[in-house]
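Enquirer: Sequence plus predicted model, see below.
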Amino acid sequence: MRKSRIGILTGGGDCAGLNPAIKWVVKAALDERLMAERGKQYEVVGIHNGWEGLINIESSIVPLDEEIVRTWDRYGGTMLGTSRTNPYNAKNDCSKTVIANIEKLKLDALVAIGGDDTLSVASKLSKEGVKIVGIPKTIDKDLCETDYTLGFETAVEVITEEIDRLRTTAGSHGRIFIVETMGRDAGWLALEGGESSGAFIILIPECDFSIEKVNNLVMEAREAGMRYEIIVVAEGAKPTGGTQFLKESCEDAFGHKRLGGIGELLAAEIQQATKIETRSINLSHLQRGGTPCAYDRRMGRYFGIAAVDLLTHNRYGLMVCYRNGKVTSSPLENVIGRTNRVNIETQYDVDRYNGRHTIIGKEMHSGKPE
Ligand code: F6P
């Protein structure tokens, strides 16, 4: 029997959790016990550097087996490499080359692990007849249709650990520390990283903030005896009436500008207004680094296995997802081009600029039964 050939790639920004997912696609596909049940045999090849590896195929393909990937789930980043290459970039459309190369490489199906950009390419290829399934990853957790995206929890761990370190020095010097996190237009990383580390203020893109109000909150805290403050700000947050801060004005192949710099501005403004020494730190790519936490290893495993399950049942054009405590799937076209953002009505406290202090019973306060 001819083996069905699965190609697997990772695209977009790297993060922890990619290698566990790759490992489990390989292990689930090559599982001896399942082979008989499936009536299908697989081989798996890795594709280097995301979609770039299907444009220039010379030396971009590597056979994968259980021995090769055995220890991969312990490592961060992606052993396959990644890129932000967009084959459907209007300035240089290479999508026909990608489709021709998929045939040339005799790939029967593809597993694409990525965020909105990578999966938007997957969705377009699927519409052109490529048999493809997606696995969600991004530290931003901004994909729709899924409650989890690989890399998020490890990034939250990094934020928490770094803030723990900052607390001792902030306390010793009585300083304010501004910690800038990634996350693009979604505030999940800042909010959940800030909640995990007990930050005093958390500023997110979903709620424009007043610098005056931030200053007032700080002064009130000092008057109440607080010795130092940790303020977490998402790279995409902005003051009321202002615009997002850009590191560079040029765009990547998917049209994204690089955000960053709000932390420094905020530190300068707070210091000037409160006369309290204020420093800023941008956690930047540290949030994407390090070994995957236990949760990312487990979710990478479940997502990898689920991707192979979908292929086994000839279900394509779908993204594996995690919803309401279950691993399931959703059409790629329902995922892409939308952003999953923090709901400030139910998940944010606009008066404290922080996570909510009540969770159950919002409806109760408005007189509606729960
Ligand atoms: O989407 C993941 C992410 O880390 C964002 O949070 C951040 O804005 C962006 O990627 C940074 O991308 P790059 O590593 O290409 O600068």
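Expert: That came in fine, so what should we check first? Numbering: from 1, shown residues only.

Enquirer: Burial check on Val130, number of neighbours?
Expert: 19 (other CB atoms under 10 Å). Bear in mind the C-beta positions are built from the backbone N, C-alpha and C, glycine included.

Enquirer: That one touches Ile99, doesn't it?
Expert: Yes - when contacts are counted by CB atoms under 8 Å, Val130 is listed as touching Ile99 (6.7 Å).

Enquirer: phi, psi of Gln244?
Expert: Main-chain torsions, Gln244, degrees, to the nearest 10: phi -60, psi 150.

Enquirer: Name the nearest residue to the closest residue to the ligand within the stretch 1-150 of the chain, sequence neighbours excluded.
Expert: When scored by CB to the nearest ligand atom, the stretch 1-150 of the chain has Gly13 as its residue closest to the ligand, at 3.9 Å. Distances taken as CB to CB, 6 or more residues apart in numbering place Arg288 nearest to Gly13, at 6.2 Å, with adjacent residues excluded.

Enquirer: residues in contact with the helix or strand harbouring Val111?
Expert: Val111 belongs to strand 109-114 when assigned by DSSP states H and E. Outside strand 109-114, the residues that touch it by CB atoms under 8 Å, 6 or more residues apart in numbering are 4-12, 18, 21-22, 25, 50, 78, 102, 118-119, 121-122, 125, 130-138, 150, 307-308, 311, 316.

Enquirer: ranges for the strands of the stretch 101-250 of the chain?
Expert: Counting by DSSP state E, counting those that start in this stretch, the stretch 101-250 of the chain has strands at residues 109-114, 132-136, 176-181, 201-203, 229-234, 246-251.

Enquirer: Switch those over to TSV, and while doing so, append distance to the ligand, mean pLDDT and mean neighbour count to every line.
Expert: Supplementary listing: the strands of the stretch 101-250 of the chain in TSV, determined by distance: least, CB to the nearest ligand atom, whole Å; pLDDT from 0 to 100; neighbours: other CB atoms under 10 Å:
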stretch	distance to the ligand	mean pLDDT	mean neighbour count
strand 109-114	10	98	28
strand 132-136	12	98	30
strand 176-181	8	98	27
strand 201-203	15	98	28
strand 229-234	9	98	27
strand 246-251	8	84	10
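
Enquirer: of all those, which lies closest to Asp351?
Expert: Minimum separation from Asp351 across the strands of the stretch 101-250 of the chain (CB to CB) falls at strand 201-203, 11.4 Å.

Enquirer: Quick one: list the elements packing against that closest one.
Expert: Applying 3 or more CB pairs under 8 Å, 6 or more residues apart in numbering; DSSP states H and E, we find strand 201-203 packed against helix 188-197, helix 211-223, strand 229-234.

Enquirer: Please identify the deepest-packed of the ones you listed.
Expert: strand 229-234 (a mean of 27; mean count of other CB atoms under 10 Å).

Enquirer: who does it pair up with?
Expert: According to DSSP bridges, strand 229-234 forms sheet pairs with strand 176-181 (parallel), strand 201-203 (parallel).

Enquirer: which one of those strands lies closest to Lys106?
Expert: Among those, strand 176-181 sits nearest to Lys106 (CB to CB), with 42.9 Å.

Enquirer: Residues in contact with the closest one: which ones?
Expert: Residues outside strand 176-181 that contact it (CB under 8 Å, 6+ apart): 159, 162-163, 166, 170, 189-190, 193, 199, 218, 228-235, 260, 262-264, 266-267, 270-271, 274, 276-284, 287.

Enquirer: Show me what from this structure comes close to the ligand.
Expert: Residues of the chain lying near the ligand by CB under 6 Å from any ligand atom: Gly13, Gly115, Thr138, Ile139, Asp140, Met182, Gly183, Arg184, Glu235, Arg258, Leu259, Arg288.
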